[in-house]
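**Q** dropping the sequence and predicted coords here.
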Amino acid sequence: MSLVSEFLGQLTLNFGGESEPKFPTVVPVTDFDPAKDATRIETAIKTKGVDEQTIIDILTRRSYSQRREIAFEYEKRAKKDMITALKGALSGSLEHVVLGLMKSTAQYDATELKGSMKGLGTDEETLIEIVCSRSNDELMDIKSVYKELFKKELEKEVSGDTSGDFAKLLLALVQTKRDEPTNIVDYEKIDQDSRALYEAGVKRKGTDVATWISIMSERSVPHLQKVFDRYKSYSPYDMKESIRKEVKGDLEKSFLTLVECFENKQLYFANRLSEAMKSKGAKEKVVTRIMVSRCEVDLMKIRTEFKKTHGKSLYQTIAEHTKGDYQKALLSLCGGDD
C-alpha cells in the first residue's frame, strides 16, 4: 500500500499548473531529518500508552512530501507501514487528523468524496463543500487520484448518487469546463451573462436552472465576480438573494457555496469553521476536513478572514471548542494566534 501512496503522491504533486497563490500554515521545515523523525515516531508509538504529543509535533509541522519521506524511513527501520502503525496507535478525532495528513490534499479530498457517497444516504454537505469550492486544477487532481484509488470515475459516482438539477450542477463542475482567467475584460460578455442570469431567474416565473448552471460552471472566477456586480443593475436582489428566492434544498446550498467561493473562498471556509464550532460538541468532521485539506493551501488567509469577520482568532476559537490531543493537533495546524 505504501508504494501505491508513494506513487499517487508523485502523481498529485506533478499534475496540472498552479494558478492560485498559496497561503499555507504548514510549510516544509528547513533542518529536516526524516530518519530522526521516523525514529521518534517509532518510539512514540511503542511507548506504553502512546506518546501522542511527539506524533502531533512532528506530523503537523512537516509538509506532505516530508511526511512521505518520514513514512519511507519508518518502513525501512520498522519493517512495517507507518500508516498502519499510526492507525493501531491512535483513535478518535486525533486519528482522523493524523491519517488525513498522511494523504496528499487531492487524495484526502478524493477519500472524503468517496466517504460522502458510500453506503445508504449521501452526505450532501461534504459533496457540496468539496465540489463547489475547489478550483479547476484541484478538481482535475481529485478526479485523477479518485480513479487511481477507487478504480471508478468520479463523474459516474456523483451522477449515481445524486439526482435532478443538483446532480446536473455537480456534474457540470466535476467536468472542469471552467474558463481560465485572462487579462482581457470582456464587458459585453459580462453584461450578457448578467442579463441571462436575471432573465433565467428573478424575471420569469419558474427558474431556468440550466442557464444558471452553464454560466456558473463555465466562466472564469474573475469574470463571474464582475457578472455578479453587474447583475445588481438588472435585478432588485443581489445574486445570493436571488438564489434563495429561486431554488431550494441542496441546489440552493450549492449555488450559494459557489457564489461565496467566487466572491471570497477563504471567507467561505472561515464561516464554515465558525458555524461548525458553534454547534454543540463542534461538528468535528467539518473542522477536521477544512483544517487538514487547507493547511497547505490557504489556511493562513482563512485565519485572517476568520479574525476579521468573527472578531476572535481561529486559534482562540479552536482552543475554546475542542479539547485534548485533537485540540493540540488543530492548534498546531493553525500555525499560531492572530
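**A** Everything's here; your move.
**Q** my guess is residue 59 contacts residue 71. True?
**A** No. If you go by C-beta atoms under 8 Å, residue 59 and residue 71 don't touch, sitting 9.9 Å apart. The C-beta positions use only the backbone N, C-alpha and C, and glycine is treated the same way.
**Q** any common contacting residues for the two?
**A** Counting by C-beta atoms under 8 Å, 6 or more residues apart in numbering, the common neighbours of residue 59 and residue 71 are residue 102.
**Q** low-confidence ranges, the stretch 1-150 of the chain, go.
**A** The stretch 1-150 of the chain contains residues with pLDDT under 70 at 1-19.
**Q** and the helices in it?
**A** 2-13, 34-46, 52-59, 64-78, 82-89, 92-101, 105-116, 124-133, 136-150 (DSSP state H, counting those that start in this stretch).
**Q** likewise for the stretch 151-300 of the chain?
**A** 154-161, 164-174, 187-200, 209-218, 221-231, 239-246, 249-278, 284-294, 299-310.
**Q** which other helices and strands contact the third one?
**A** Where contact means 3 or more C-beta pairs under 8 Å, 6 or more residues apart in numbering; DSSP states H and E, helix 187-200 is packed against helix 209-218, helix 221-231, helix 239-246.
**Q** now these in CSV, with distance to residue 36 and mean pLDDT?
**A** What follows is these, written out as CSV (distance: least, C-beta to C-beta, whole Å; pLDDT from 0 to 100):
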stretch, distance to residue 36, mean pLDDT
helix 209-218, 47, 98
helix 221-231, 43, 98
helix 239-246, 51, 97
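**Q** how about those helices in TSV, adding distance to residue 53 and mean neighbour count?
**A** Formatted as TSV, the helices and strands packed on helix 187-200 follow (distance: least, C-beta to C-beta, whole Å; neighbours: other C-beta atoms under 10 Å):
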stretch	distance to residue 53	mean neighbour count
helix 209-218	45	19
helix 221-231	41	19
helix 239-246	44	19
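**Q** residue 262: which of these is closest?
**A** Counting by C-beta to C-beta, residue 262 lies closest to helix 221-231 out of these; the figure is 4.9 Å.
**Q** list the residue ranges of the stretch 201-338 of the chain that fall below the pLDDT cut-off.
**A** Checking the stretch 201-338 of the chain against pLDDT under 70 turns up 281-282.
**Q** one more time with 90
**A** By pLDDT under 90, the low-scoring segments of the stretch 201-338 of the chain are 205-206, 278-282.
**Q** next, work out how far apart the spatially closest residue to residue 101 that is not a sequence neighbour and residue 311 are.
**A** Distance criterion C-beta to C-beta, 6 or more residues apart in numbering; nearest residue to residue 101, sequence neighbours excluded, is residue 59 at 5.4 Å. Counting by C-beta to C-beta, to the nearest Å, the separation of residue 59 from residue 311 is 31 Å.
**Q** more neighbours, these two?
**A** Ranked by neighbour count (other C-beta atoms under 10 Å), residue 59 and residue 311 place residue 59 first, with 25 against 7.
**Q** break the protein into its domains for me.
**A** As assigned by automatic domain parsing, the chain contains the domains 2-15+27-101, 106-174, 187-247, 264-334.
**Q** who wins for proximity to residue 257 among the ones you listed?
**A** domain 106-174 (4.0 Å).
**Q** and the closest one, end to end?
**A** One end of domain 106-174 to the other measures 14 Å (C-alpha to C-alpha, to the nearest Å).
**Q** re the thing from before, adding distance to residue 45, write the helices and strands packed on helix 187-200 out as CSV.
**A** Putting these into CSV (distance: least, C-beta to C-beta, whole Å) gives the following:
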stretch, distance to residue 45
helix 209-218, 45
helix 221-231, 44
helix 239-246, 48
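**Q** which stretch among those comes nearest residue 263?
**A** helix 221-231 (6.7 Å).
**Q** out of everything not next to it in sequence, what's closest to residue 257?
**A** residue 132 (4.0 Å).
**Q** the one you found: how many residues sit nearby?
**A** If you count neighbours by other C-beta under 10 Å, residue 132 ends up with 23.
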